[in-house]
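K.L.:
the sequence isn't on hand, but the structure is:
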């Protein structure tokens, strides 16, 4: 009887183990299916953006840059949407190595930003139908130079600063008095007299891949602060401005008058543009010439925009009112998203202990209703930040002439502008993931990215002073508020009509 009982217990344990393994396998299968669907949908979305934004002159050419843009846009979506997958894998105790997926994504994005996209930009902008070999070697020369410098600097910093100093607290008390590891309540404290804690630091050497993650995140933060901060204010305000200044129906006489004015502007710009013809697309330009060229690009941008507005006003009789109403609707939505981002950061990140969990609690609640709801809502907030970065870059370029503007326009975006915006989105996407991990740390608790960024990257020597003190987040919110005030006072850009080299 004892042997029979022991056999039954062994069979029960084996059955439980089998059931547990089957459940884990089922969960992993569902996560893999979700990941494959995500990969396919993002590729389709990236292809849609590429097809509908590319310029007609690039439709049957520049295939290599198109592949670079397609993969780059897809990776920016993958790294943002990998966080909900990481959360799901943690909550259901799945067996997927999401930490490995994070490291592969970060490393590939670093390669794309440091080598692949710069090579494509150099090659595209120096391409000459009669000298493609020369263009290739020029692009290769500059790409190798920038890549070697980036690799040397990164590995030197890893060698001297690649150590994480993780703060820990060691408690000596009865196990019943310890705080649960997954507790989300900041009010929980071990206040018993039997509790004794010792503050210490756990020194941990990070791998080169983790340090690459840290460096690209650190660099990405500068772009997110500058362009994302401006974009948080500029995106909703410009949508409201586009609705307020929407095209109004005009008659033939007014159309002819406006067309004559635009023809005069176009003739002047054509005359100025001929001065740059002999200089190539980006070579042999002094600092003053580059500033003049950037002003010229701004003038061309506004000329195109004004001409499109005149055509819609006359040929389309003011345009579709429903489409124009979308500007107002999206303006209200984007203003709400910007305000919620800033309010959440102030109430949850800046205040300690947090005044409210705000969006953290909102995401958790939506996940309880249906897991996809929380994922979609998170994706909206994260992707909105990337859109703000693109908008902020254009807004900054229209007012400060340090570099060329690269606007994204349907059917009228040259490949170098698509490459530049892909580079910007990729660089900002890694810092957006870190920002979301910090801002939604209750929602992302105990995930792989929380361990990689929250424990290792944020505690690295030197870099920890920026991350732990929320330097970038303070700068982002401050710049967003200042930009909002500035754009309310000075809502319109000054259209350039002087292009002398000595006008600075």
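P.N.:
Perfect, thanks for sending it. Here the structure is a predicted model, which is why all the values come from computation and not from measurement.
K.L.:
from memory residue 350 sits against residue 478, does it?
P.N.:
No. With contact defined as C-beta atoms under 8 Å, residue 350 does not reach residue 478; the gap is 11.1 Å. The way it works is simple: take the backbone N, C-alpha and C, and place the C-beta from them, glycine included.
K.L.:
check which residues of the helix or strand where residue 269 lies are buried.
P.N.:
Taking DSSP states H and E as the definition, residue 269 sits inside helix 252-277. Using 16 or more other C-beta atoms under 10 Å as the test for burial, helix 252-277 gives 258, 265, 269, 272-273.
K.L.:
what bits of the stretch 351-500 of the chain have low per-residue confidence?
P.N.:
For the stretch 351-500 of the chain, residues meeting the criterion pLDDT under 70 lie at 401, 496-500.
K.L.:
contacts for the strand or helix carrying residue 336?
P.N.:
Secondary structure assigned from DSSP H and E places residue 336 in helix 321-344. Helix 321-344 has contacts (C-beta atoms under 8 Å, 6 or more residues apart in numbering) with 232-233, 235-237, 239-240, 242-243, 246, 358-359, 380-381, 384-385, 388, 439, 477, 480-481.
K.L.:
so how far is that helix from its chain's centroid?
P.N.:
With C-alpha atoms, centre = their mean, to the nearest Å as the basis, helix 321-344 stands 19 Å off its chain's centre.
K.L.:
tell me the helix or strand right after it.
P.N.:
Following helix 321-344 toward the C-terminus (DSSP H and E): helix 359-369.
K.L.:
list the buried residues for whichever helix or strand comes after that following helix?
P.N.:
Using DSSP H and E, the helix or strand that follows helix 359-369 in sequence is helix 371-399. For helix 371-399, the neighbour count (16+ other C-beta under 10 Å) marks 371, 374-375, 377-378, 381-386, 388-398 as buried.
K.L.:
redo the buried residues of helix 252-277 as CSV? Include pLDDT.
P.N.:
Formatted as CSV, the buried residues of helix 252-277 follow (pLDDT from 0 to 100):
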residue, pLDDT
258, 91
265, 88
269, 86
272, 81
273, 80
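K.L.:
nearest to residue 108 among those residues?
P.N.:
Residue 108 lies nearest to residue 273 out of the buried residues of helix 252-277, by C-beta to C-beta, at 38.5 Å.
K.L.:
quick check: nearest residue in space to that closest one, chain neighbours excluded?
P.N.:
Once flanking residues are discounted, residue 273 sits nearest to residue 296: 6.8 Å by C-beta to C-beta, 6 or more residues apart in numbering.
K.L.:
quick revisit: by how many degrees do the helix holding residue 336 and helix 359-369 diverge?
P.N.:
120 degrees (axes from the mean of the first three to the mean of the last three C-alpha atoms, to 10 degrees).
K.L.:
for helix 321-344, buried residues please.
P.N.:
Quick answer for helix 321-344 (16+ other C-beta under 10 Å): 327, 330-331, 334-335, 337-338, 341-342, 344.
K.L.:
residue 487 and residue 114, how far apart?
P.N.:
Going from residue 487 to residue 114 by C-beta to C-beta, to the nearest Å gives 33 Å.
K.L.:
in the helix or strand hosting residue 137, what's buried?
P.N.:
Here residue 137 sits within helix 132-161, counting by DSSP H and E. Buried residues in helix 132-161, defined by neighbour count with 16+ other C-beta under 10 Å: 135, 138-139, 142-143, 147, 150, 154, 157-158, 161.
K.L.:
those into CSV, with extra columns for distance to residue 108 and pLDDT?
P.N.:
CSV is the format used below for the buried residues of helix 132-161 (distance: C-beta to C-beta, whole Å; pLDDT from 0 to 100):
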residue, distance to residue 108, pLDDT
135, 26, 75
138, 25, 82
139, 20, 84
142, 21, 86
143, 16, 90
147, 14, 92
150, 15, 92
154, 15, 93
157, 20, 94
158, 18, 94
161, 24, 92
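K.L.:
what's the farthest-apart pair in these?
P.N.:
Within those, two members stand farthest from each other by C-beta to C-beta: 135 and 161, at 38.4 Å.
K.L.:
circling back: and the furthest pair within the buried residues of helix 321-344?
P.N.:
Pairwise over these, using C-beta to C-beta, the maximum falls at 327 and 344, 25.7 Å.
K.L.:
report the central residue of this protein.
P.N.:
residue 429 (2.9 Å; C-alpha atoms, centre = their mean).
K.L.:
residue 386 is in contact with that one, correct?
P.N.:
Yes. With contact defined as C-beta under 8 Å, residue 429 reaches residue 386; the gap is 6.2 Å.
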